[in-house]
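Novice: I would like the atomic coordinates for the input below:
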Amino acid sequence: MEDLGFKDIRVRFAPSPTGKLHLGSARTALFNWLVARGGGGRLVLRLEDTDEERSSIDFEENILDSLKWIGIDWDEGPDIGGDYGPYRQSERMSLYKEYSDSLLGAGRAYRCYCTSDELDSRKKAVIEKGLPWRYDRRCANLSTDDINRFEEEGRPYAVRFRVPEGEVVIEDILRGEVKVDAKEIDDFIISRSTGKAGFHLAVVVDDMTMDISIVIRGDDHLTNAARHVLLFEAFGARTPRFLHHSLLMGPDGSKLSKRHGSTSVSDYRGQGYLPEALMNYLALLSWSPGDDREIFTPQELVKEFSIKGISASKAIFDFDKLNWLDRQHIKKLSSSELTDQVVPFIKNSGDGRLLGLERPKLELAVESVRNNMEKLTDGLEPLEVYVRPAGELSEKAGNELRKMNETGEALGLCIEVLRANPGTDLETAERIVEQMRSKAKEKEWGARKMLWPFRLAVTGLTIGPDLTHLIMFWEPEGCARRIEAVREKF
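Specialist: Model prediction:
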């Protein structure tokens, strides 16, 4: 990780528990995690749960579980505590009020008593004239009498930040200096008379009091950054450096949403993607290691990740590329590791027959369908071949056997070869297949005339794993008995 100019790197991921962890949010969390881990810093997990109606414990648990599953851990947060807590905004309201009151006392903010109806009416009038609407500062310089009257009425109010004149400069690591004319920013709300803090105030107070040095988030927050810089300056606090990365887009170039397919991390977990593959793919969206490498372990990402490698261009989510990467990560697993990953999906399928297999047999079965897998769930249907009763044929397999000439003779020769070669290893299985080919040649048949009925009779299906895996799984004698069970029907 390059030198970012900070003695202590402190970054944060601040999701709102109003939904499942979105892939785009997971990518933001990943970038923060890579910066923290690669730079010897700390990652703070903070929950922006002030939306009481939409926030829920279930969504909070989903976010935390999804982050842990994908491989992202944190150093401080609502579940583990820390020196800068509490880490839920709903538990920090008194702190926000202190800072809001300090701005009121310093004349950097004021109470706005405009009602929603009044604001809507004035906004409509301005827009009808073809002008952009910004709050017109109606309450910026109220007289004492007006204020006392509104207070006596018990009229609710919002506290608005008094935006100063001039230019606001946002120092963005990815985009350089971003300059905004303060005239484009209206006096935004920082809190309300109910005690509820506004988004901008809460975020800035949290980043300030939690000593966040780098704010890494999506570029949809770039417009918010100008307001945040103004607040940091108003409080006399150090402004963190910003990095606003591109948003995650669907294949059509629009923001990734449910109409493109699954969008939450837990959805992909449920579909059988490996967490390492999903982390790998999310990292590659807008980031490049500077060469042609595409497959990374989490440890390699931590070592290789560099902010300099991040691009500001759109990040297009390519489902085919994710599937390809998942296949590559599946290929790297040992048979035992792959079986461990598949077992939970077998359990969820409710088919206890596979779980009844001895572990060596189950590993052999899983290994035999590895090449079928772009994701773990792709192996479930092919695995069913190993729990099919002997002699049970699918309609298609039965039809195939019936239309072949010399089927009975071919199956008899298969049994002969099988019983002449006891053994359970790959070498034995390969020898059996080769001898079947030789028997077919002696009969002046094509190899298929032996191997095809063998597959149909042993599996009862027209598709399935490689013949050598079938022989190793059922063993030569087991395969012979399965063939005999079929011959009784013909």
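Novice: so residue 303 sits right up against residue 38, yeah?
Specialist: Yes - between residue 303 and residue 38 a contact is recorded at 7.2 Å, counting by Cβ atoms under 8 Å. (C-beta placed from N, C-alpha, C; glycine too.)
Novice: show me the domain layout of the protein.
Specialist: With domains defined by automatic domain parsing, the chain comprises 92-245, 388-490.
Novice: who wins for proximity to residue 355 among those domains?
Specialist: Of all the domains of the chain, it is domain 388-490 that lies closest to residue 355, at 15.7 Å by Cβ to Cβ.
Novice: so what's the gap between that closest one and the chain middle?
Specialist: A distance of 44 Å separates the centroid of the chain from that of domain 388-490, by Cα atoms, centre = their mean, to the nearest Å.
Novice: ends of that domain, how far apart?
Specialist: One end of domain 388-490 to the other measures 19 Å (Cα to Cα, to the nearest Å).
Novice: for the one helix or strand residue 438 maps to, packing partners?
Specialist: Here residue 438, judged by DSSP states H and E, is contained in helix 426-442. Counting contacts by 3 or more Cβ pairs under 8 Å, 6 or more residues apart in numbering; DSSP states H and E, helix 426-442 packs against helix 407-419, helix 448-459, helix 467-487.
Novice: so which of the ones you listed is nearest residue 202?
Specialist: Among these, helix 467-487 sits nearest to residue 202 (Cβ to Cβ), with 58.1 Å.
Novice: the inter-axis angle of that closest one versus helix 448-459?
Specialist: If you take axes from the mean of the first three to the mean of the last three Cα atoms, to 10 degrees, helix 467-487 sits at 80 degrees to helix 448-459.
Novice: so which elements touch helix 467-487?
Specialist: The elements that helix 467-487 packs onto, with contact taken as 3+ Cβ pairs under 8 Å, 6+ apart, are helix 359-368, helix 407-419, helix 426-442, helix 448-459.
Novice: list the contacts of residue 218.
Specialist: Applying Cβ atoms under 8 Å, 6 or more residues apart in numbering to residue 218 gives the contacts 24, 28, 244-247.
Novice: so what pairs up with it in the strands?
Specialist: Using DSSP bridges, the beta-bridge partners of residue 218 come out as residue 245.
Novice: just to revisit the earlier point, can you add mean pLDDT, mean neighbour count and distance to residue 269 and give the helices and strands packed on helix 467-487 back as JSON lines?
Specialist: Output for these, formatted as JSON lines (pLDDT from 0 to 100; neighbours: other Cβ atoms under 10 Å; distance: least, Cβ to Cβ, whole Å):
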{"stretch": "helix 359-368", "mean pLDDT": "97", "mean neighbour count": "19", "distance to residue 269": "19"}
{"stretch": "helix 407-419", "mean pLDDT": "94", "mean neighbour count": "19", "distance to residue 269": "42"}
{"stretch": "helix 426-442", "mean pLDDT": "96", "mean neighbour count": "16", "distance to residue 269": "34"}
{"stretch": "helix 448-459", "mean pLDDT": "95", "mean neighbour count": "22", "distance to residue 269": "31"}
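Novice: which of these sits closest to residue 169?
Specialist: helix 359-368 (57.3 Å).
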